[in-house]
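Student: structure of the sequence below:
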Amino acid sequence: MTESGDGLHYDVMVENALRGVVREALTYVAEHGLPGEHHFYITFRSEHPGVDMPATLRERYPHEMTVVLQYQFWDLDVGEDAFAVTLSFNNRSERVVVPFAAVTSFADPSVRFGLQFEAGDDSGVQADAGEVEHANPQTPATESAGGAGDEAAEEAPGDNVVTLDRFRRKE
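Tutor: You can find the predicted model right below:
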């Protein structure tokens, strides 16, 4: 963790600020809907405390899951610490609740924008952040989250992915 010697954890501050970008984007969509071709890929740690999802999804994605907010999502509610959304999984509507601290990546392929987060023990983002375990980041749950399917899976966040690794001091 990057620390200035006096207890200032700038990497944590930056990561919290970037999670605010995700919160603001979701808040905008909750109030106004998705503009134009915008759509979001949101990857989160499914084992993170506070994640609420159906048991069948938790069994299928025990460590990490990616959802797509594009065509079929309803009742997007955004709070200070988490968001909740109803998605279609195999033609069945299911509610998913995700704390922002559980989010490991956020992408809007329509504008080639993406953020990746470190949510390991040393991040300090939330007291209960725990260890990140990436099951298979190439296996999004796109078939069950809004009908994005193969077309959206071919799109990638591209050049504008922001990671905090380059700002972290290597120990």
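Student: report all helices and strands that the strand or helix carrying Thr43 contacts.
Tutor: Secondary structure assignment for Thr43, by DSSP states H and E: strand 40-45. With contacts taken as 3 or more C-beta pairs under 8 Å, 6 or more residues apart in numbering; DSSP states H and E, strand 40-45 sits against helix 10-32, strand 64-69, strand 103-108. The way it works is simple: take the backbone N, C-alpha and C, and place the C-beta from them, glycine included.
Student: got the buried residues for the first one?
Tutor: Read that as helix 10-32. Of all the residues in helix 10-32, those buried under the rule 16 or more other C-beta atoms under 10 Å are 11-12, 15-16, 18-19, 22-23, 25-27, 29.
Student: any low-confidence regions in this protein?
Tutor: 1-6, 119-171 (pLDDT under 70).
Student: can I get the buried residues of helix 10-32 in CSV including distance to Glu37?
Tutor: Formatted as CSV, those follow (distance: C-beta to C-beta, whole Å):
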residue, distance to Glu37
Asp11, 33
Val12, 34
Glu15, 28
Asn16, 29
Leu18, 23
Arg19, 24
Val22, 19
Arg23, 22
Ala25, 14
Leu26, 17
Thr27, 20
Val29, 13
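Student: can you show me the helices along this protein?
Tutor: 10-32, 55-60, 149-154 (DSSP state H).
Student: nearest to Pro99, of these?
Tutor: helix 10-32 (10.0 Å; C-beta to C-beta).
Student: hey, C-alpha coordinates of that closest one in PDB?
Tutor: The C-alpha coordinates for helix 10-32 follow below in PDB (Å, rounded to 0.1, in the frame of the first residue of the first chain):
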ATOM      1  CA  TYR A  10      -3.300   7.900  -1.400                       C
ATOM      2  CA  ASP A  11      -3.900   4.700  -3.300                       C
ATOM      3  CA  VAL A  12      -7.000   4.100  -1.200                       C
ATOM      4  CA  MET A  13      -8.200   7.600  -1.600                       C
ATOM      5  CA  VAL A  14      -7.800   7.400  -5.400                       C
ATOM      6  CA  GLU A  15      -9.600   4.000  -5.500                       C
ATOM      7  CA  ASN A  16     -12.500   5.400  -3.400                       C
ATOM      8  CA  ALA A  17     -12.700   8.400  -5.800                       C
ATOM      9  CA  LEU A  18     -12.800   6.100  -8.800                       C
ATOM     10  CA  ARG A  19     -15.500   4.000  -7.200                       C
ATOM     11  CA  GLY A  20     -17.400   7.200  -7.000                       C
ATOM     12  CA  VAL A  21     -17.300   7.400 -10.800                       C
ATOM     13  CA  VAL A  22     -19.100   4.000 -10.900                       C
ATOM     14  CA  ARG A  23     -21.600   5.300  -8.400                       C
ATOM     15  CA  GLU A  24     -22.300   8.500 -10.400                       C
ATOM     16  CA  ALA A  25     -22.600   6.600 -13.700                       C
ATOM     17  CA  LEU A  26     -25.100   4.200 -12.100                       C
ATOM     18  CA  THR A  27     -27.000   7.000 -10.500                       C
ATOM     19  CA  TYR A  28     -27.300   8.800 -13.800                       C
ATOM     20  CA  VAL A  29     -28.700   5.600 -15.400                       C
ATOM     21  CA  ALA A  30     -31.100   5.000 -12.600                       C
ATOM     22  CA  GLU A  31     -32.500   8.500 -13.000                       C
ATOM     23  CA  HIS A  32     -32.400   9.000 -16.800                       C
END
